[in-house]
Every structure is written in C-alpha cells, then in structure tokens.
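Visitor: turn this into a structure:
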Amino acid sequence: MHSPAAWAIIPARGGSKGIKGKNLQVVGGRSLLARAVAAAKAADWIERCIVSTDDADIAREARRAGAEVVDRPPHLAGDQASSEAALLHALDALALSGAALPEFLAFVQCTSPFILPADIDGTLQALLEQSADAAFTAVKFHGFLWQQMDGAKPLGHDAAGRPRRQDMAPTFRETGAVYAMRVAGFRKAGHRFFGKLAIYEVPGSRALEIDDAHDLQLARMLARQPEPAGARVPADLQGLVLDFDGVLTDNRVIVQENGDEAVLCSRADGLGIERALAAGIRIAVLSKEKNRVVAARCAKLGIGCVQACDDKLAAFRELLSSWQIAAGRVAYVGNDINDLACIAAAGLGVAVSDSAAPVLEAADLILEAKGGQGAVRELCDLVLEARRGRADPPPA
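Guide: Now for the predicted structure:
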C-alpha cells in the first residue's frame, strides 16, 4: 500500500501540575519531546512534524530535534484547554500561512516515551485499511474493574460468577500515544473520536503513559535496563534471511476447495522490506516447503526465494556465499525448531515473539511482534535505526 502524506502534530505546553516541565524530562538520554519528534520524523507516512507550544524552552528543544514550531496562544495553554483545541489551532495557523492541509493527521503525545515509528505508521494504516475516520493506539486489557461507591462495586462484570480470562471478549485500553484522523472530518467534528473508529494494537512494553512522578521513574528504569548479550542490532548488518511460514505469515494456511493454499501476511512487513532494500540490505527467504504462494509473495516483495530446503543450514551457507557476505553480518529470523541451526550460525539470531520455546531460548533477539503481524517490519526498523546511529545514548 502506498503511504499517503500525513502530518504529525505534537502538543507540548509548558505548564504541568503533575510533573514540572514534564515534556522536557529526560528518559534514556533524550527529552520526552525529542523522543516523540524522532519517532514522528522516522515514520514513513509523516511528511511534516510540528510541535504546538507556548513555551520558549520547548520550542528550542523542538527545533533542535528537527520539528517545526507553531506558537500556541496563552488561552490554549491552560489546564482547561483541550489537546484538540491545540491541534485545530495549529492546522488553522499553518493553513493561514499558505500550507495545503494534508488528508491525514497523526496526533502524537510526548508522554508515551517508548513509541516507535511503526506505531505511527500502523495507526494511520489501520485507519485506511478499515475505512475509518479516526484510529488510536491501544493495548489489550484483561483486568476486572471496580468502583468505590458505598463500598467496592464491580464494574462491567458479575463478581459472583465472572468469566475465565480465556472466555472474556477482548477489551482494550487507550495508550495515549498516537491518534490518527482524517483532517477534514476532525476539523468538522472538533474532537478526536468521530465517525468510524479503528484500533491499532501495541504490546504492553510500549503502552506506558507518563502521568505522574511514579510513571516517570518507571520509564527511566525501563530505559536503563541492560540488553541481553547480542540483543543490540549491529550497525554493519548487511543481510536478512527469513523463514516464511510463521515469520512472514501468521503460521496459518487457508486451503481452498481446489487444493490451492492462501496465507495471511502483513503489509507493514512489505513496507519495512522495501525500506531495507533501498538501504542496500540483501534479503531472502528460506522455506522448507515448496509452494507457489511463497514464490509469489517473494516476487512481489522483490526479495530472493529458496524453497524445498531439507537442509536449511546448507542452503543458508550457499546463499551467503552467493551474496559474498559473512554469516556474522547477517541476521536470520525463524520461529520453529528447523530454524535453530541457522539461528546459531547467523551473526544475529532472531525469533518472532510467538516462536517455539527452543527458538526463543536460542535467539539473540526476540521481536515484540508475532509472525505475520509486523515482526519483519519491526526488525527492519531496528536495522535501519542501528545504521543511522539512532539508538539511545547511555543514560548520564
């Protein structure tokens, strides 16, 4: 899918009752504002990144990070002013300056320190793919809610006979990180939740939102966690070799009446592969099975394809020989036990999050996404980030 142009607007006022100077607080060596700007500028769909602020220090930090700045008037910077009011003011100000407004807007919040560029792209893509008017990031929620009203009262469940977790319909909690909107509809409605709504699910590890000092302390602790040995993607990686079933697909197969098979893949993976190829990274698929769908998908992605690999390790070594790239400068991504030999031989052994237990134990890097649900896009983002040297510096 072609990525239509969108703008990112980051509201960042100077005042904050919970945490003084919250938007300029540092997590993992960078201010919350700089982290949000970096994520927006690295997202494929974002054409312009704008910070709306009333504060001179925030404006300086925004420009240092590479964002444009719209000065927010005082009446839109108080505790009672809504984020929507700041967004609408920024759009109006830019339109008055002669800018042609985009079709799509990403509202990005500084208070979500672990947002990825893929989360911004994914939220906009969810809006488009689901023909929605607005979309937002959310995380699955499995808890039971209670209220304090003359004693504790269950909210939304029967305390005497509540269902097992596996029997519950999934519910979601907003993370507050990204909201995507069609600009025309947003300007008419005046609020972010209008028309048909779509959810872009993110993992719990990226769902932290900083509201108070305890949240900020937790974010700093998480940002300082040492990485497992070998988990950091090397900056000189030159090739990616991927298993197909369970990596580029969700490991399910649809068998039609005539015997033809179909699989489910992620468009986000395709975009990640496109960006990695453009950066000069060699990419190929090694698959134990031989199936037309594998060849067709690889041809569409423009990557190499080796099928019917009874000995994956031998095929892996032969592929690297044809590339003239050493195994130490290649990542292999797998999900099942027939990938173990290649994971061990590669410079970076990678597992998708729903891999078999032995694969998870053997991998140098475990991706947060599942196979067929953006795992390859996640790895491509990490590889490109390592090449750009965008990893967080060590904390002071």
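
Visitor: stretch 263-281 - what's its average pLDDT?
Guide: In this model, stretch 263-281 has a mean pLDDT of 91.

Visitor: tell me which residues of that stretch come out buried.
Guide: Of all the residues in stretch 263-281, those buried under the rule 16 or more other C-beta atoms under 10 Å are 263, 265-266, 268-277, 281. Where C-beta positions appear, they are placed from N, C-alpha and C, glycine not excepted.

Visitor: and the strands in the stretch 51-200 of the chain?
Guide: Assigned by DSSP state E, counting those that start in this stretch, the strands in the stretch 51-200 of the chain fall at 68-71, 104-108, 134-141, 145-148, 152-155, 171-182, 197-201.

Visitor: please identify the deepest-packed of those strands.
Guide: Among the strands of the stretch 51-200 of the chain, ranked by average contacts under mean count of other C-beta atoms under 10 Å, first place goes to strand 104-108 (a mean of 26).

Visitor: what is that one packed up against?
Guide: strand 6-11, helix 32-42, helix 83-96, helix 117-129, strand 171-182, helix 183-189 (3 or more C-beta pairs under 8 Å, 6 or more residues apart in numbering; DSSP states H and E).

Visitor: stretch 359-376: end-to-end distance?
Guide: By C-alpha to C-alpha, to the nearest Å, the extent of stretch 359-376 from end to end equals 16 Å.

Visitor: meant to ask about stretch 355-366
Guide: The first and final residues of stretch 355-366 sit 9 Å from each other (C-alpha to C-alpha).

Visitor: name the residues of it that are buried.
Guide: For stretch 355-366, a neighbour-count test (16+ other C-beta under 10 Å) marks 355-356, 359, 362-366 as buried.

Visitor: can you pull the contacts of V333?
Guide: Contacts for V333 (C-beta atoms under 8 Å, 6 or more residues apart in numbering) come out as 240-243, 247, 350-352, 367, 375-376, 379.

Visitor: cutoff 10 Å now
Guide: 240-243, 246-248, 285-286, 339, 342-343, 346, 348-352, 355, 363, 365, 367, 371, 375-376, 379 (C-beta atoms under 10 Å, 6 or more residues apart in numbering).

Visitor: out of the residues you listed, which are inside strands?
Guide: Within those, residues falling in strands by DSSP state E are 240-242, 285-286, 348-351, 365.

Visitor: beta-bridge partners for V69, please?
Guide: V51 (DSSP bridges).
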